[in-house]
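> Sequence first, predicted model second:
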Amino acid sequence: MNLPGPVVFLVDDDPSVRKAIARLLRAAGLAVSTCASAQEYLEHRDPDVPGCLVLDLAMPGLSGLDLQQALAARGEAPPIIFLSGHADVPASVQAMKRGAIEFLTKPVDARALIDAVRNALEKDRIDRSANAELADIRKRLATLTPRESQVLGYVVAGKPNKQTGAALGTVEKTIKVHRARIMQKMQVQSLAELVQLAVRAGITSTAGN
């Protein structure tokens, strides 16, 4: 399956601004999709399409900040570059606190915008790669039996096999077998690598101190 390349989604209610910025970005070799409102963007958004969002701050209906908040609530906010007709310091601070890549004022400097967009696209690529790796780790974790998941908790806690066996009411030899199966299912070669994957997936120790 051929996945689409990264797209710069431009959301601005001013047709002249959309046209000028879209032309600028396309001249830089970037794919651009334009929307006249935040609502239009939300209606057509496909979270599987990689890219970033160049977003006007002040628009009728949903504002740029409203859209940023709505996307964050969905857990699918792309990297965002805000554009504003004036230097709105409080809004820019709020936008950056929520994770915006950049806050630029109109008329926007061409080089500053292109650099910000390239940075945003790179961040999106890195984020998507990390999310794909995390999904793969969780898929492997889902293959563990309930007892293997218990043993993994003790592994994360750094507990030896004998202590783990005592805590779980079984013998050390059985724990060794569980550990071997866990490592096989998780596709790792060392306990250190296993612990690293578990921690990345948010697994904390289920064992007592």
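Here it is on my side, so go on. Numbers count the residues shown, from 1 in each chain.
> for the chain, longest helix please?
helix 110-141 (DSSP state H).
> Check which residues of that helix are buried.
Under the neighbour-count criterion of 16 or more other C-beta atoms under 10 Å, helix 110-141 has 113-114, 116-117, 120-121, 124, 137, 141 buried. Every C-beta, even on glycine, is put in place using the N, C-alpha and C of the backbone.
> residues contacting R26?
Shown in contact with R26 (C-beta atoms under 8 Å, 6 or more residues apart in numbering): V32.
> Count the neighbours of G51 for me.
Counted with other C-beta atoms under 10 Å, residues neighbouring G51 total 23.
> Distance check, it against A100.
15 Å (C-beta to C-beta, to the nearest Å).
> Also H178?
Applying C-beta to C-beta to H178 and A100 gives a distance of 46 Å.
> These two - which one has more neighbours?
H178 (25 against 22).
> Give the helix, strand or coil label for the more buried one.
Here H178 is recorded as helix under DSSP: H, G, I helix; E, B strand; the rest coil.
> Now do it, the pLDDT please.
You'll see H178 listed with a pLDDT of 97.
> just A157 next, same as before
92.
> That one: how many residues sit nearby?
By other C-beta under 10 Å, neighbour count at A157 equals 17.
> and the residue lying closest to G85 once chain neighbours are set aside, what does it touch?
Excluding the flanking residues, the one nearest G85 by C-beta to C-beta, 6 or more residues apart in numbering is K106, at 5.1 Å. Residues near K106 by C-beta under 8 Å, 6+ apart: 17, 83-85.
> Identify the farthest-apart pair in these.
V17 and S84 (11.4 Å; C-beta to C-beta).
> can you list contacts of the worst-scoring helix or strand of the chain on mean pLDDT?
None of the helices or strands of the chain scores lower by mean pLDDT, DSSP states H and E than helix 89-97, at a mean of 79. With contact meaning C-beta under 8 Å, 6+ apart, helix 89-97 is reached by 57, 64-65, 68, 80, 82, 84, 103.
> again with stretch 67-75
Stretch 67-75 has contacts (C-beta under 8 Å, 6+ apart) with 11, 38, 41-42, 47, 55, 62, 77-78, 80, 95, 98-100.
> got it, and stretch 117-136?
6, 8, 25, 28, 30, 50-54, 78-81, 101-102, 200-201.
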